[in-house]
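*Asks:* What follows is a predicted protein model with its sequence.
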Amino acid sequence: MKEILDAIQSQTATADDFAALPLPESYRAITVHKDEAEMFTGLNSRDKDPRKSIHLDDVPLPELGPGEALVAVMASSVNYNSVWTSIFEPVSTFNFLERYGRLSDLSKRHDLPYHIIGSDLAGVVLRTGPGVNSWKPGDEVVAHCLSVELESSDGHNDTMLDPEQRIWGFETNFGGLAEIALVKSNQLMPKPDHLSWEEAAAPGLVNSTAYRQLVSRNGAGMKQGDNVLIWGASGGLGSYATQFALAGGANPICVVSSEQKADICRSMGAEAIIDRSAEGYKFWKDETTQDPKEWKRFGKRIREFTGGEDIDIVFEHPGRETFGASVYVTRKGGTITTCASTSGYMHEYDNRYLWMSLKRIIGSHFANYREAWEANRLIAKGKIHPTLSKVYSLEETGQAAYDVHRNLHQGKVGVLALAPEEGLGVRDHEKRAQHIDAINRFRNV
Ligand SMILES: C/C=C/C(=O)SCCNC(=O)CCNC(=O)[C@H](O)C(C)(C)COP(=O)(O)OP(=O)(O)OC[C@H]1O[C@@H](n2cnc3c(N)ncnc32)[C@H](O)[C@@H]1OP(=O)(O)O
Ligand SMILES: NC(=O)C1=CN([C@@H]2O[C@H](COP(=O)(O)OP(=O)(O)OC[C@H]3O[C@@H](n4cnc5c(N)ncnc54)[C@H](OP(=O)(O)O)[C@@H]3O)[C@@H](O)[C@H]2O)C=CC1
């Protein structure tokens, strides 16, 4: 591994140099264990502690198949899907690995008693499998997390619609929270050269998801002037949705839960900010009863910011707790676009406010190949910036996932894999200097 790291750090090693490097038989990886899938049974979600289920193991290097690449991972990031995996909710991800394993001889590799998790990476290609021509050893890359087989016409127009669509490192094995990862080569994209490894690894999953959900015609198709309600506006998804709204000439109405998070949104350029904790919204009177008066109080607050206008697009992901309010505050003909249900997936809303006002609910999930590429291009061009706050070592991944689970973090939390320290891997220092304040906006807040 040292030789691999030395070659990467030299910034001068050639494709031939990388191809000639021997690969290790095993590597260090963050895993959850199949025989621990019931360890939290009976506990509340909040009390399920990722630090207990997340392990750092030595694992054997997987066999490289056609159309695939092995990548030396310099850095990765924590996504909420790794929190779900680590608390075995809503289902154990070993179910996904078993199902994938039944597909083919090659996919059997994924069905193991351990799951190497993680759906982001920045690193360097080590080897490519048969049929890979666009990428070669030594290429500096990031990887998006869409894994598709593409054998069915269902996915040929929009790759997210492939019947064998999976999220790499969540519904497949050999994810990015590791020193080496296995990806399909179509997941690879050029690493933005003005960013360090950990900065480049941070946006991938959430940036692509926010792009499809908010900007793409497959999602809400945001346009200039739209009032966009963004829940968790300084969180993983929200910190990119806020940037897309501002960069696209829309008017973000940012919801956060502390003054500190409000300040971050202000520093991104948002003006309309609602602190849901300070203003004490209580959309549910009890476990089963919502309070429409609270929806109305929330809507009035939004109108104060917009000069009386209602919301064109709601960027939804908290789910059960907020969905009733989200449907209510949307304008006639407006759109609620949802990609998650962090607080519960059985949503309740008053359907009269949907059909009588001709509103639409759009389900959105990650991003297709093209959308992921377009989202990464915006990062590479310095139009959208990473929102990395804190960086942990691979050993500390359990704590990093705990922070995200307990909403103790800001923006994105990074993890160093092979990178020995932060700040390495930058190639274009001039471009970096142009954007340095935006790149550092979330650091250590
Ligand atoms: C990029 C990052 C993303 C995120 O972070 S997202 C957040 C994390 N993700 C999640 O929380 C989602 C986790 N996944 C799940 O909870 C489950 O994954 C799903 C609920 C999404 C799906 O459940 P399942 O049981 O895997 O799928 P079924 O479609 O219910 O399939 C079970 C059986 O039901 C059959 N079936 C499906 N649709 C129908 C239908 N319309 N009529 C009759 N049967 C149906 C299937 O074929 C299959 O059958 P057979 O077991 O025999 O193969
Ligand atoms: N389908 C897909 O493709 C994707 C789905 N997801 C899912 O989206 C969800 C969010 O992911 P991500 O943004 O990365 O997570 P983060 O935890 O980084 O951010 C979410 C933010 O939402 C806010 N929030 C959390 N709970 C509530 C609540 N009950 N009511 C109101 N606001 C709440 C919090 O902000 P604050 O406290 O400041 O209000 C929090 O910071 C997860 O469930 C994740 O699995 C994520 C990416 C892709």
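*Replies:* Received the coordinates, thanks. Ligands and ions are numbered 1, 2, ... in the order given.

*Asks:* how about the residues of this structure that lie near ligand 1?
*Replies:* Tyr80, Asn81, Trp84, Pro90, Val91, Cys145, Ile167, Leu205, Thr209, Ala340, Phe366 (CB under 6 Å from any ligand atom). The way it works is simple: take the backbone N, C-alpha and C, and place the C-beta from them, glycine included.

*Asks:* Filter these down to the buried ones.
*Replies:* Neighbour counting with 16 or more other CB atoms under 10 Å marks Tyr80, Asn81, Trp84, Cys145, Ile167, Leu205, Thr209, Ala340, Phe366 as buried within the residues of the chain next to ligand 1.

*Asks:* Dump the residues you listed into CSV; add secondary structure and pLDDT as well.
*Replies:* CSV is the format used below for those (DSSP: H, G, I helix; E, B strand; the rest coil; pLDDT from 0 to 100):
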residue, secondary structure, pLDDT
Tyr80, helix, 98
Asn81, helix, 98
Trp84, helix, 98
Cys145, coil, 98
Ile167, strand, 98
Leu205, helix, 98
Thr209, helix, 98
Ala340, coil, 98
Phe366, coil, 98
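
*Asks:* now the end-to-end length of stretch 78-96.
*Replies:* With CA to CA, to the nearest Å applied, stretch 78-96 spans 20 Å between its terminal residues.

*Asks:* how far is it from where the chain is centred?
*Replies:* Its chain's C-alpha centre and that of stretch 78-96 lie 14 Å apart, by CA atoms, centre = their mean, to the nearest Å.

*Asks:* Present the residues of the chain next to ligand 1 as JSON lines; the columns should include distance to Asn351.
*Replies:* Below are the residues of the chain next to ligand 1 laid out as JSON lines (distance: CB to CB, whole Å):
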{"residue": "Tyr80", "distance to Asn351": "28"}
{"residue": "Asn81", "distance to Asn351": "30"}
{"residue": "Trp84", "distance to Asn351": "28"}
{"residue": "Pro90", "distance to Asn351": "24"}
{"residue": "Val91", "distance to Asn351": "28"}
{"residue": "Cys145", "distance to Asn351": "34"}
{"residue": "Ile167", "distance to Asn351": "30"}
{"residue": "Leu205", "distance to Asn351": "32"}
{"residue": "Thr209", "distance to Asn351": "27"}
{"residue": "Ala340", "distance to Asn351": "21"}
{"residue": "Phe366", "distance to Asn351": "28"}
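
*Asks:* among these, which are in reach of ligand 2?
*Replies:* Within these, those near ligand 2 by CB under 6 Å from any ligand atom are Tyr80, Asn81, Trp84, Leu205, Thr209, Ala340, Phe366.

*Asks:* hang on, the last one packs against Leu146?
*Replies:* Yes. A contact is recorded between Phe366 and Leu146 when judged using CB atoms under 8 Å, the distance being 5.8 Å.

*Asks:* Which neighbours do those two have in common?
*Replies:* Residues touching both Phe366 and Leu146 (CB atoms under 8 Å, 6 or more residues apart in numbering): Met160, Ile167, Ala372.

*Asks:* Nearest to Val73, out of the residues you listed: which one, please.
*Replies:* Ile167 (17.0 Å; CB to CB).

*Asks:* what are the phi and psi values for the residue lying closest to the closest one once chain neighbours are set aside?
*Replies:* Once flanking residues are discounted, Ile167 sits nearest to Cys145: 5.2 Å by CB to CB, 6 or more residues apart in numbering. Dihedral angles phi and psi of Cys145 (degrees, to the nearest 10) take the values phi -110, psi 20.

*Asks:* quick one: Ser277 from ligand 1, how far?
*Replies:* Here Ser277 is placed at a distance of 24 Å from ligand 1 (CB to the nearest ligand atom, to the nearest Å).

*Asks:* and whichever residue of the stretch 251-400 of the chain sits closest to ligand 1, what does it touch?
*Replies:* Nearest to ligand 1 in the stretch 251-400 of the chain, going by CB to the nearest ligand atom, is Phe366, at a distance of 4.2 Å. Neighbouring residues of Phe366 by CB under 8 Å, 6+ apart: Cys145, Leu146, Met160, Ile167, Leu205, Ser208, Thr209, Arg212, Ala372.

*Asks:* what's the answer for Ile384, then?
*Replies:* Pro203, Asn207, Tyr240, Gln243, Phe244, Ala247, Ala375, Leu378.

*Asks:* Out of these, which end up buried?
*Replies:* Pro203, Asn207, Tyr240, Gln243, Phe244, Ala375, Leu378.

*Asks:* Please verify my assumption that the fifth one contacts Tyr211.
*Replies:* What it means is Phe244. Yes. The pair Phe244 / Tyr211 is scored as a contact, 6.6 Å apart, by CB under 8 Å.

*Asks:* Identify the single longest helix in the chain, thanks.
*Replies:* helix 292-306 (DSSP state H).

*Asks:* List the buried residues in that helix.
*Replies:* Glu294, Trp295, Arg297, Phe298, Arg301, Ile302, Phe305.

*Asks:* quick one: the helix or strand that comes right after that helix to helix 292-306, angle?
*Replies:* Next along the chain after helix 292-306, taking DSSP states H and E as the criterion, comes strand 311-316. Interaxial angle, strand 311-316 versus helix 292-306 (axes from the mean of the first three to the mean of the last three CA atoms, to 10 degrees): 120 degrees.

*Asks:* who's in contact with strand 311-316?
*Replies:* Under CB under 8 Å, 6+ apart, the answer for strand 311-316 is 210, 213-214, 220, 222, 226-231, 237-238, 241, 250, 253, 302, 322-323, 326-327, 329-331, 334-340.

*Asks:* And the protein, what are its domain boundaries?
*Replies:* The record's domain parsing of the chain by automatic domain parsing lists 2-206+367-439, 220-363.

*Asks:* so which strand or helix has the nearest residue to Ile311 once chain neighbours are set aside?
*Replies:* Nearest non-adjacent residue to Ile311, counting by CB to CB, 6+ apart: Leu229, 4.5 Å away. Secondary structure from DSSP H and E places Leu229 in strand 227-230.

*Asks:* secondary structure class for Gly423?
*Replies:* When classified by DSSP: H, G, I helix; E, B strand; the rest coil, Gly423 comes out as coil.

*Asks:* What is the neighbour count of the closest residue to Gln165 other than its chain neighbours?
*Replies:* With sequence-adjacent residues excluded and distances taken as CB to CB, 6+ apart, Gln165 is closest to Val148, at 5.2 Å. As a burial measure, Val148 scores 20 neighbours (other CB atoms under 10 Å).

*Asks:* Return the residues in contact with the closest residue to Pro130 other than its chain neighbours.
*Replies:* Distances taken as CB to CB, 6+ apart put Pro66 closest to Pro130, at 4.5 Å, once the chain neighbours are dropped. For Pro66, the contact set (CB under 8 Å, 6+ apart) comprises Leu106, Gly129, Pro130, Gly131.
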